[in-house]
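> Kindly return the folded structure for what I paste below:
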Amino acid sequence: MKWYEVVPIAAVVGATQAATGHRDQDTNLFIEAEFIDPSNNQTVAKVVRKVFGTQLSNESQQITAKDFKAAIDKVSADLWAFIRS
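Predicted coordinates for the structure are as follows:
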C-alpha cells in the first residue's frame, strides 16, 4: 500500500492548511476554581470550566483578551448567579 491509501485525505488537507497558515484556529480558555467556606475552611465546590473565545482567522493571528471578552463575561454572570443562589 502507498501512504496516500492509508492516510485520510482530511488529515493531509488539515495538516497542509495548518502548515501554510490557512486553517482557522479555535480559542479556548480553561478556568479552574475551588470555593472554600471561610467559617470551617472546608471545600464547598470545585469546578473546571471550558469557555470558547472567538475563532482566529489563521494560526499567525495574535490572541488578545478581546478574543475572550464575551466568554469571560458569561463566566462572570454564571458566577454571580451561583453566589446569589
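> how about the CA coordinates for the lengthiest helix in the chain, as CSV?
If you go by DSSP state H, the chain has its longest helix at helix 69-84. Extracted C-alpha coordinates of helix 69-84, given in CSV (Å, rounded to 0.1, in the frame of the first residue of the first chain):
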residue,chain,number,x,y,z
LYS,A,69,-14.3,39.1,26.4
ALA,A,70,-17.7,37.5,25.7
ALA,A,71,-16.7,34.2,27.3
ILE,A,72,-15.3,35.9,30.4
ASP,A,73,-18.5,38.0,30.7
LYS,A,74,-20.6,34.7,30.5
VAL,A,75,-18.5,33.1,33.2
SER,A,76,-18.8,36.2,35.4
ALA,A,77,-22.6,36.2,35.1
ASP,A,78,-22.7,32.5,35.9
LEU,A,79,-20.5,33.0,39.0
TRP,A,80,-22.7,35.8,40.3
ALA,A,81,-25.8,33.7,39.7
PHE,A,82,-24.1,30.9,41.8
ILE,A,83,-23.2,33.3,44.6
ARG,A,84,-26.8,34.7,44.8
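> Mean confidence (pLDDT) on it, please.
Mean per-residue pLDDT for helix 69-84: 85.
> Which strands and helices lie in contact with that helix?
Applying 3 or more C-beta pairs under 8 Å, 6 or more residues apart in numbering; DSSP states H and E, one finds that helix 69-84 contacts strand 25-37, strand 42-56. Just so you know, the C-beta spots here come from the backbone N, C-alpha and C atoms, and that holds for glycine as well.
> for the longest one, which positions count as buried?
Same thing as strand 42-56. Across strand 42-56, burial judged by 16 or more other C-beta atoms under 10 Å covers Val51, Gly53, Thr54, Leu56.
> and those as a markdown table, adding pLDDT and distance to Phe35?
Listed next are these as a markdown table, based on pLDDT from 0 to 100; distance: C-beta to C-beta, whole Å:
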| residue | pLDDT | distance to Phe35 |
| --- | --- | --- |
| Val51 | 83 | 18 |
| Gly53 | 82 | 24 |
| Thr54 | 82 | 29 |
| Leu56 | 77 | 32 |
